[in-house]
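Peer 1: After the sequence you'll find the predicted model.
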Amino acid sequence: MPTKHEQALDPQSADGATTLVTMRDVEVYFRLQGSGLSRLLGSDTGSVKAVDGVSLDIAKGEVVGLVGESGSGKSTLGRSLLGLAPITGGSIHYGDQAIADLSNRELRGIRRDLQMVFQDPSAALNPSMDIETAVGHPLKIHKIARGNDLRERVVDALERVGLSPAEQFLKKYPGDLSGGQKQRAVIARAIILNPQLLVADEPISMLDMSVRSKILQLMLDLKADLDLTYVYITHDLASAKFFCDRIAIMYLGRIVEIGTTDEIFNHPKHPYTKSLVAAIPDLDPDRAVDREVPRGEIPDAASPPLGCAFHPRCPAAFDKCGWESRDLRALLEAHWTKVPEADFEAERATIGEVDALDVPSHTSHVPAGKDHSGVDVDEVLTRIKDSDPQEPLWTGVSGRDVRPDGVDVTFEPGQDPKLRAAGSVQVACHLYPE
């Protein structure tokens, strides 16, 4: 069987490779006003920026990985490619056709070429349909085949995905199959229309470890046999290393680094990429690995950080990254989880309510508590700074003005970094200036 590396196309050096999909400044925003999402998030204004200005070309025959944590926007981007998540800005072209401009009838036609493999095979298959009906359903929808012709095509698709002999599976139902067999049936349904491109959204994450590599190898074999192109969506960087030719690292709706798989793994540039690579388990129990993982969790996409979106979690952040009022509140609260109870009570009495700091602003007012002054607050801030001089937030402070009722803290306005060339990859990070 051919391996990924034997089949790999190097899109950065393969002159003449046909561009199958072109994305430019793609945005997918979900409005909060009056929605169930707004009630869940406790906000009734603004938008969730699920995808926020992504540009990406996909060449025919390559495997592009979209990698990132939950909430990074990778699945939404994949769905938008098929017209399942309408874009609110930018453009997606399949060949010379703009996906957003197509009618429902035209979209149905183009989905003969663009298919999706979903994460949960149990949910993707109708439990009341036998495998022959489920796999052959796209042929009926598109009025391509029926009767014996349809059955022959279903048998061929099942044989291709390893459900053999196919005749033994035709009248089985999803409940009769194992997880791996269900996913093979889902893949058979996806390839039965002879598509050009498959969007595979976490296709192995719901499967047992023992069958994951087999499914990926099957997909690579199908790529070679059917000349397929893949968009592979995953949070598992290790599987992307095995499967992908190129990897785009996504964070909070944006691509923060993109390059060949070898470059991403051997020479990662963005601190987020480095942390993802470092998080891959090392199977050697005798080798100690110093893992530098991001602090905290991925921020709220409805109110992303100012400047670089990764800066609140970044171990390499510095003054230009876009520090703000919300970062100061997070720092205060993190500090108070570490100090003795007596110190906590004294400092909380000195500093008033900090809820007002929870706004996206380059200026913040740290209020004094009852019977305390701005001088007292400034002493607490100095003590916090001295307790952790390596804390990068302080590099972004451009002013601290002591007032009778508290301290005004001003941060250096940061810039949102754009993708730029850094060696043989592209990276969006202030550590790599233009």
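Peer 2: Sure thing, it's come through.
Peer 1: Helix or strand: which one has the residue lying closest to residue 357 once chain neighbours are set aside?
Peer 2: Nearest non-adjacent residue to residue 357, counting by C-beta to C-beta, 6 or more residues apart in numbering: residue 329, 3.8 Å away. Just so you know, the C-beta spots here come from the backbone N, C-alpha and C atoms, and that holds for glycine as well. Assignment of secondary structure by DSSP states H and E places residue 329 within helix 325-336.
Peer 1: what comes up buried for that helix?
Peer 2: Buried residues in helix 325-336, counted by 16 or more other C-beta atoms under 10 Å: 325, 326, 327, 328, 329, 330, 331, 332, 335, 336.
Peer 1: Against which helices or strands is the next helix or strand after it packed?
Peer 2: Counting by DSSP H and E, the next helix or strand C-terminal to helix 325-336 is helix 341-350. Packing partners of helix 341-350 (3 or more C-beta pairs under 8 Å, 6 or more residues apart in numbering; DSSP states H and E): helix 325-336, helix 374-387.
Peer 1: re earlier: check what contacts the helix holding residue 329 and list those residues.
Peer 2: Applying C-beta atoms under 8 Å, 6 or more residues apart in numbering, the set of residues contacting helix 325-336 from outside is 296, 305, 311-312, 344, 347-348, 351, 354, 357-364, 366, 384, 387-388, 391, 393, 409, 411.
Peer 1: Averaged pLDDT, that helix. What do you get?
Peer 2: Helix 325-336 comes out with an average pLDDT of 96.
Peer 1: Now do that helix against helix 341-350, angle only.
Peer 2: Taking axes from the mean of the first three to the mean of the last three C-alpha atoms, to 10 degrees, one finds that helix 325-336 is oriented at 150 degrees with respect to helix 341-350.
Peer 1: could you check the angle helix 374-387 makes with helix 325-336?
Peer 2: 70 degrees.
Peer 1: Now distance to residue 181 too, for the helices and strands packed on helix 341-350, in CSV please.
Peer 2: Formatted as CSV, the helices and strands packed on helix 341-350 follow (distance: least, C-beta to C-beta, whole Å):
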stretch, distance to residue 181
helix 325-336, 47
helix 374-387, 57
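Peer 1: Relative to residue 70, which of these is closest?
Peer 2: Across the helices and strands packed on helix 341-350, the minimum distance to residue 70, taken as C-beta to C-beta, is reached by helix 325-336, at 20.3 Å.
Peer 1: Least confident secondary structure element in this structure?
Peer 2: The least trusted helix or strand in the chain, going by mean pLDDT, DSSP states H and E, turns out to be helix 4-7, with a mean of 39.
Peer 1: Quick check: next helix or strand after that helix?
Peer 2: Under the assignment DSSP H and E, the closest C-terminal helix or strand after helix 4-7 is strand 19-31.
Peer 1: So in that sheet, which strands flank that next one, and in what orientation?
Peer 2: Take DSSP bridges as the rule and strand 19-31 pairs in its sheet with strand 47-59 (antiparallel), strand 89-94 (antiparallel).
Peer 1: Who are the contact partners of residue 187?
Peer 2: Residues touching residue 187, when contacts are defined by C-beta under 8 Å, 6+ apart, comprise 117, 161, 203, 215, 218, 219, 222.
Peer 1: hey, which helix is longest across this structure?
Peer 2: The helix that spans the most residues within the chain, counting by DSSP state H, is helix 209-226.
Peer 1: can you give me phi and psi for the nearest residue to residue 111 once chain neighbours are set aside?
Peer 2: In this structure, residue 111 finds its nearest non-sequential neighbour in residue 82, 6.5 Å apart by C-beta to C-beta, 6+ apart. Geometry field for residue 82 lists phi and psi as phi -100, psi 0, criterion degrees, to the nearest 10.
Peer 1: residues in contact with residue 174?
Peer 2: Counting by C-beta under 8 Å, 6+ apart, residue 174 touches 121, 122, 125, 126, 127, 129, 131, 134, 182, 185.
Peer 1: ok, the second one touching residue 179?
Peer 2: By that I understand residue 122. Yes: because the distance of 7.5 Å satisfies C-beta atoms under 8 Å, residue 122 is recorded as touching residue 179.
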